[in-house]
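Trainee: Need coordinates for the following:
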Amino acid sequence: MSKQQLKTKSNKWDTRELGASLKHVGIVPATEELAMDDALGLQLVSVRLQKTLIKDLKELAAGEGLGYQPYLRQILTKHVRNQKKKA
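Mentor: Below you'll find the model as predicted:
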């Protein structure tokens with residue numbers, strides 16, 4: 001699968017075109033998951049957050065039509081860009 005195909009497939013997950021019905025439920029092979037992360041430049045990290053913060057993030061993300069993890073990625077990306085502009 002090419003990087004462009006992986007990006008297109010990832011976008012379908014983000015827009016809920018995929019994954020929002022039982023028809024799309026399945027386990028992705030680990031190799032495909034790693035390939036998708038690599039194509040998107042993503043790296044798995046572990047961060048401990050307060051439960052109330054996660055709850056709030058989920059509520060705000062839902063209002064944007066996103067899951068809380070992509071929403072958190074957007075927040076962090078905007079913050080880092082703004083800080084870099086200030087520097």
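
Trainee: rest of the way, CA atoms for contacts and neighbours
Mentor: OK.

Trainee: for the residue positioned nearest the centre of the chain, what are its contacts?
Mentor: Geometric centre of the chain, nearest residue: Pro70, 3.5 Å, by CA atoms, centre = their mean. Neighbouring residues of Pro70 by CA atoms under 8 Å, 6 or more residues apart in numbering: Asp14.

Trainee: any idea how far it lies from Lys23?
Mentor: The spacing between Pro70 and Lys23, counted by CA to CA, to the nearest Å, is 23 Å.

Trainee: What helix or strand is Ser10 located in?
Mentor: In this assignment (DSSP states H and E), Ser10 forms part of helix 3-14.

Trainee: Only the buried residues of stretch 5-21, if you could.
Mentor: Leu6, Ser10, Leu18 (16 or more other CA atoms under 10 Å).

Trainee: Please apply the same query to stretch 68-86.
Mentor: Tyr68, Tyr71, Leu72.

Trainee: Can you list the low-confidence ranges for this structure?
Mentor: Applying pLDDT under 70 to the chain flags the ranges 1, 7, 24.

Trainee: And it, what are its domain boundaries?
Mentor: For the chain, automatic domain parsing gives the domain ranges 1-44, 45-87.

Trainee: roughly how far out does whichever helix or strand Lys84 is part of sit from the chain middle?
Mentor: If you go by DSSP H and E, Lys84 is part of helix 68-86. Remark: helix 68-86 is offset 13 Å from the chain centroid, using CA atoms, centre = their mean, to the nearest Å.

Trainee: contacting residues around Ala35?
Mentor: Taking CA under 8 Å, 6+ apart as the test, what Ala35 contacts is Leu6.

Trainee: Okay, it and Lys12: tell me how far apart.
Mentor: 16 Å.

Trainee: ditto for Gly67
Mentor: The value you get for Gly67 to Lys12, if CA to CA is used, is 13 Å.
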